[in-house]
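Engineer: Need coordinates for the following:
(one chain, ligands or ions: 1)
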Amino acid sequence: MNARPIFGEQGAGSGTLPGKPSLRIAPEGTAPRSPLPGAALRPAVLADVASLERLMSPFVATGDLLPRSNYDLCRHIKEYVVAEASPGGEIVACGSVKIYSQHLGEVAGLAVKPEWQGAGLGRALLEALILEARAHGLNEVLALTRKPAFFVKLGFAPAEREHFPLKVWADCNKCPRQNCCDEVAVILRL
Ligand SMILES: CC(C)(COP(=O)(O)OP(=O)(O)OC[C@H]1O[C@@H](n2cnc3c(N)ncnc32)[C@H](O)[C@@H]1OP(=O)(O)O)[C@@H](O)C(=O)NCCC(=O)NCCS
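Structural biologist: Just a heads-up that it's a prediction; the model follows:
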């Protein structure tokens, strides 16, 4: 993630979690900081892999996320952005941009810990991933999701999955749910 650091600030007067954080991009060249309590977005590192597995596991169980092996997470760790709680440093949200071609990427593995949902982290992560996709010069990003309304709220439009043969080739053909898939394709032109 070459984009500028992004950090969050939880609304004043909130109790434990979640309050509505106000998320903004830190000025270029400054270190990310996290006024307490809040969450800061940063590129994932290999040391985050175990936390990513723990964070994603309940959503894999419900079928909201595809399973990712430890090998796959290590191999593609540079594609991930994480939200780190402050204080404590717990990884409370994550997401990634997978690149399929010079033009097409996919937002994948987007997950916010249940206690942190509804606080704006999903939006902040998605916006950071979109910035990342733009920085790579991609023309469009797709997502295959059971939560299309969330993506539509952030500017994505419904699409036909058959328009993305590279995605179908990479994941769908190997997925055990390929014949009973309830995921919807959405696309954002950048
Ligand atoms: C989907 C998910 C990432 C949203 O994260 P979040 O932090 O709760 O979302 P935010 O608080 O940033 O919400 C941003 C906006 O989207 C809306 N929104 C959030 N989840 C939504 C949903 N499931 N359907 C419709 N709108 C939704 C919010 O109401 C908010 O709208 P507002 O700005 O008008 O108030 C989170 O619920 C999650 O991790 N779900 C489980 C994993 C999953 O399904 N991931 C997506 C697979 S690709």
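Engineer: Show me where this structure has its helices.
Structural biologist: 49-62, 70-75, 121-135, 148-153, 165-170 (DSSP state H).
Engineer: Looking at those, which is nearest to the ligand?
Structural biologist: helix 121-135 (2.2 Å; Cβ to the nearest ligand atom). Quick note: C-beta positions are derived from backbone N, CA and C, even for glycine.
Engineer: which of the residues in that closest one are buried?
Structural biologist: Leu121, Gly122, Ala124, Leu125, Leu126, Glu127, Ala128, Leu129, Ile130, Leu131, Glu132, Ala133 (16 or more other Cβ atoms under 10 Å).
Engineer: Tell me the helices and strands packed up against that helix.
Structural biologist: strand 6-9, strand 22-25, strand 38-43, strand 80-86, strand 91-99, strand 104-112, strand 140-145 (3 or more Cβ pairs under 8 Å, 6 or more residues apart in numbering; DSSP states H and E).
Engineer: mind running it again at 7 Å?
Structural biologist: In terms of contacts (3 or more Cβ pairs under 7 Å, 6 or more residues apart in numbering; DSSP states H and E), helix 121-135 is packed against strand 6-9, strand 38-43, strand 80-86, strand 91-99, strand 104-112.
Engineer: Give me the sheet partners of the last one and which way each runs.
Structural biologist: Strands flanking strand 104-112 in the sheet, each with its direction: strand 91-99 (antiparallel), strand 140-145 (parallel) (DSSP bridges).
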